Each structure stands twice: as structure tokens, then as C-alpha cells.
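Enquirer: Have a look at this prediction, sequence included:
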Amino acid sequence: MGSVQRLTALILGPPGGGKGTISKKLLKDFNFLHLSTGDVLRRHVRDQTAVGKAAQTYMIRGALVPDNVIVDLVVAELASKGHVPRLLLDGFPRTIPQALALEPHVSIDVVIDLDIPDQTIIERISNRWIHAASGRTYAYDYNPPKQKGVDDVTGEPLVQREDDKEETVKARLEQYKQITTPLVDHYRYQGTLATFSGTESDVIYPYVKAHLDAFLAGRSQE
Ligand SMILES: Nc1nc2c(ncn2[C@@H]2O[C@H](COP(=O)(O)OP(=O)(O)O)[C@@H](O)[C@H]2O)c(=O)[nH]1
Ligand SMILES: Nc1ncnc2c1ncn2[C@@H]1O[C@H](COP(=O)(O)OP(=O)(O)O)[C@@H](O)[C@H]1O
């Protein structure tokens with residue numbers, strides 16, 4: 001069996017833009033290890049670790065957790081995973097300092113940028129229900145749970161995220177535009193950015209898949 005072609009991808013997008021939804025499809029097609037900083041942070045908050053206690057004061061306001069905290073967390077997570085030929089970074093880096101701090105550890109091959117209209121974001125977030133322990137997300141108009149109100153796998157109750165309240169979503173959207181948009185420009189200049197615009201994940205996904213397939217095919221010619 002030939003060795004797996006290495007691929008590190010980063011998925012960026014506004015809150016509720018479909019990062020988790022598209023990541024879930026990418027995991028199946030490309031056998032990625034999925035590292036979602038939102039999920040890792042929510043685990044720390046649930047376990048009330050020192051990092052969780054520090055992070056929750058920012059998360060509840062829709063503010064970003066300080067760069068140094070999140071960088072240490074990701075570097076530790078990556079160290080604990082050892083060699084990862086297929087890595088999908090979801091929601092990190094999301095600031096320029098984070099991207100610069102990551103560079104010595106991981107070089108990103110492809111940046112997937114989801115360009116989703118604000119109105120779509122607001123509608124989706126109000127419909128988002130999650131199974132907190134696993135991070136699985138549901139929406140009654142898009143991917144409803146098999147049984148109303150409970151997680152498909154565990155049967156545990158679904159909840160809405162504390163930071164999915166409308167006023168907090170607006171703060172997160174503002175944060176995204178002010179702080180992550182410069183990072184999108186940084187990757188555009190680097191030539192690794194691929195932007196996908198739209199309002200439906202199922203329409204966007206085939207283009208994301210085709211882009212990654214083309215990248216891998218191009219690399220195998222090298
Ligand atoms: N109606 C609709 N909902 C979607 C679509 N894609 C994702 N969602 C839902 O919108 C919410 C946000 O998606 P999610 O993947 O969690 O976004 P993230 O915050 O960027 O990870 C979730 O409840 C998803 O189930 C879509 O194409 N249409
Ligand atoms: N890379 C990061 N840098 C700083 N804070 C982060 C980062 N990733 C996640 N967070 C914190 O966790 C919260 C939830 O993140 P996430 O689940 O990715 O939600 P969203 O996609 O809606 O921004 C963010 O609002 C922020 O407070």
C-alpha cells in the first residue's frame with residue numbers, strides 16, 4: 001500500500017458558516033484527522049480545566065481566546081497526536097499571530113475559505129442544536145436528528161450553545177470580519193487560498209472536494 005499523500009488543510013469561515021458540516025464530509029473523503037479548536041475549547045470548558053476556566057470568559061462574549069492560550073493548546077494537541085499525514089485544521093489559526101506561531105510546526109497546503117452571507121449565518125445559528133459532548137451539530141431544516149431533541153448516537157439531549165444567542169453571534173461575526181479577514185488576505189497573497197461562496201453546504205462541498213483532489217493530483221505529478 002503506497003504511503004498516504006501528506007495534506008494539511010485549514011478551513012476558515014464565519015461562525016455558522018458550515019466549517020463543521022464541510023469538515024465532516026472532508027473527513028470521510030480524505031481520511032483527515034480533524035482538529036477543531038472550538039470543540040477542543042468546549043471540552044476544556046466542560047471539564048473546567050485551567051484553560052477551560054480562562055477560555056470560557058472570552059467564549060461566552062463571542063470574543064476570541066488570547067492567541068498565546070490557543071497556540072499553546074494547539075501545539076500540545078498536535079504533539080499528542082504524533083505524525084499526522086492528513087490534518088484538517090478547523091477554526092485555527094484565525095489571526096495573523098496564530099498563523100505565524102503555527103508556521104514552525106505545520107505548513108498549510110490548502111486554505112478553504114467559506115464566504116457565506118451574514119443573513120444566512122444569522123438564520124443558521126438560531127437553528128443550530130448540538131450534542132455538547134461530541135460536538136455533533138443538527139438543524140431541523142437541514143440535518144435534523146432522527147428523534148426530536150436527542151443525539152442520533154447517544155440519545156442524550158441536544159442543547160443550544162451559550163454563544164449562539166443572537167447578540168453574541170453578531171459579536172463573533174464582527175470579530176471574524178475584523179480579525180480573520182486579514183488572515184484570509186495573508187493566505188491569498190501566499191497563493192494557498194481557495195474561496196467558496198454560497199448559502200448551501202451541499203452545493204459548496206463538491207467544489208471543495210474537487211479542489212483538494214486537484215491539489216493531490218498535481219502534487220503526485222511533482
Ligand atoms: N439550512 C442549512 N443549514 C446548514 C447548512 N450547512 C450547515 N448548516 C447548519 O448550520 C449550523 C452551522 O453549521 P456548522 O457546520 O456548525 O458551522 P460552523 O460554526 O462554521 O462550524 C449547523 O446547525 C448546521 O447543521 C446548509 O447548507 N443549509
Ligand atoms: N483559533 C481561535 N482563536 C481564538 N479563539 C478561538 C479559536 N477557535 C475557537 N475560539 C473560541 O471558541 C469559540 C467557538 O469557536 P467555534 O466553535 O470555531 O465557533 P465559530 O465557528 O462560531 O467561531 C470562538 O467564539 C472563540 O471564542
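Expert: Received it, and whenever you're ready, just let me know what you need. Just so it is clear, the structure is predicted and the values come from calculations on it, not from any experiment. Ligands and ions are numbered 1, 2, ... in the order given.

Enquirer: Contact residues of this protein facing ligand 1?
Expert: 13, 15-21, 124, 127-128, 137-139, 141-143, 200-202 (C-beta under 6 Å from any ligand atom). C-betas here are computed from N, CA, C, even on glycine.

Enquirer: The residues you listed in strands, which ones?
Expert: Arg128, Thr137, Tyr138, Ala139 (DSSP state E).

Enquirer: Looking at those residues, spot the one nearest Asn31.
Expert: Ranked by distance to Asn31 (C-beta to C-beta), those are led by Thr137 at 21.2 Å.

Enquirer: Skipping its backbone neighbours, what lies nearest the residue nearest in space to the middle of the chain in space?
Expert: Centroid check for the chain by C-alpha atoms, centre = their mean gives Asp90 as the closest residue, at 2.7 Å. Closest residue in space to Asp90, ignoring its immediate chain neighbours: Ser36 at 4.0 Å, by C-beta to C-beta, 6 or more residues apart in numbering.

Enquirer: pretty sure the one you found contacts Arg136?
Expert: No. With contact defined as C-beta atoms under 8 Å, Ser36 does not count as touching Arg136 (11.7 Å).

Enquirer: Around ligand 2, pick out the residues from the protein.
Expert: 15-16, 19, 37-38, 41, 58-59, 62, 64-65, 70, 91-92, 94, 98, 163, 172.

Enquirer: rewinding a little: may I see the ChimeraX selection of the buried members of the residues of the chain next to ligand 1?
Expert: Restricted to buried positions by 16 or more other C-beta atoms under 10 Å, the ChimeraX selection for those reads:
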select :13,15,16,17,18,19,20,21,124,127,128,137,138,139,201
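
Enquirer: so what does the helix or strand where Leu10 lies touch, helix or strand wise?
Expert: Per DSSP states H and E: Leu10 is located in strand 7-12. With contacts taken as 3 or more C-beta pairs under 8 Å, 6 or more residues apart in numbering; DSSP states H and E, strand 7-12 sits against helix 19-30, strand 86-90, strand 110-115, helix 181-190, helix 201-221.

Enquirer: could you say what helices and strands the helix or strand of the chain with the lowest mean pLDDT packs with?
Expert: The weakest-scoring helix or strand in the chain, judged by mean pLDDT, DSSP states H and E, is helix 166-175 (a mean of 90). The helices and strands touching helix 166-175, judged by 3+ C-beta pairs under 8 Å, 6+ apart, are helix 118-127.

Enquirer: Check what contacts the helix it packs on and list those residues.
Expert: Here helix 118-127 makes contact (C-beta atoms under 8 Å, 6 or more residues apart in numbering) with 14-18, 139-142, 164, 166, 169, 173, 199.
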